[in-house]
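**Q** Sequence plus predicted model, see below.
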Amino acid sequence: MPRKPDANSPYRVTIHKDKKYRYVATQPSHVNPDTGKKAYRLVHWGTVDEKLRFHPNARFLLASEEERTKLIFPENWDLSEIKVQCGLPEVSKMLSVWQSDNRLYGNSWLQRI
């Protein structure tokens, strides 16, 4: 008797090794329209180092919050780089209003004549 497919398997994160690089990947399935057979593709979400610290790539950073929360990471991985690279400030480091005003422009660009 075949086992039932796991509904969470497309969102389970694994390590995909390619030469010396260790990518974090998921393997969602799709049906090939030409042959009608089920096929799997690798979706890379970043890299992982030897200490199992996850470093997200642009695909992960640009993904919606719903899509990020669907990913199932192993419990022993360090996911602290997500907060650092996404630019999410900690509660104790909230910017006040005057600090966030002049972040993009220098004072010479906004002077009135």
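**A** Everything's here; your move.
**Q** what's the neighbour count on Thr69?
**A** 10 (other CB atoms under 10 Å). Backbone N, C-alpha and C define where each C-beta goes, glycine included.
**Q** could you measure it against Phe60, distance?
**A** Going from Thr69 to Phe60 by CB to CB, to the nearest Å gives 12 Å.
**Q** Okay, buried residues for the helix or strand that contains Lys17 please.
**A** Counting by DSSP states H and E, the element that carries Lys17 is strand 14-18. By 16 or more other CB atoms under 10 Å, the buried positions in strand 14-18 come out as His16.
**Q** Helices of this structure, start to end?
**A** 58-62, 65-70, 80-86, 97-101 (DSSP state H).
**Q** Which positions within the longest one qualify as buried?
**A** In this case it means helix 80-86. Ile82.
**Q** contacting residues for Pro5?
**A** Contacts for Pro5 were tallied using CB atoms under 8 Å, 6 or more residues apart in numbering; there are none.
**Q** ok, so what distance separates it from Lys38?
**A** 11 Å.
**Q** go on, Ser9?
**A** Counting by CB to CB, the gap from Ser9 to Lys38 is 12 Å.
**Q** who's more crowded, these two?
**A** Ser9 (12 against 9).
**Q** Which residue, neighbours along the chain excluded, lies closest to the more buried one?
**A** Of all residues not flanking Ser9 in the chain, Gln27 sits nearest, at 7.9 Å (CB to CB, 6 or more residues apart in numbering).
**Q** end to end, how far does stretch 45-64 reach?
**A** 13 Å (CA to CA, to the nearest Å).
**Q** So for that stretch, what gets flagged as buried?
**A** Those would be 45-48, 54, 56, 60, for stretch 45-64 by 16+ other CB under 10 Å.
**Q** hmm, which two among the residues you listed are most spread apart?
**A** Maximum pairwise distance in the buried residues of stretch 45-64, criterion CB to CB, is 12.0 Å, between Val48 and Phe60.
**Q** Could you report the distance from Ile82 to Phe60?
**A** Separation of Ile82 from Phe60 (CB to CB): 8 Å.
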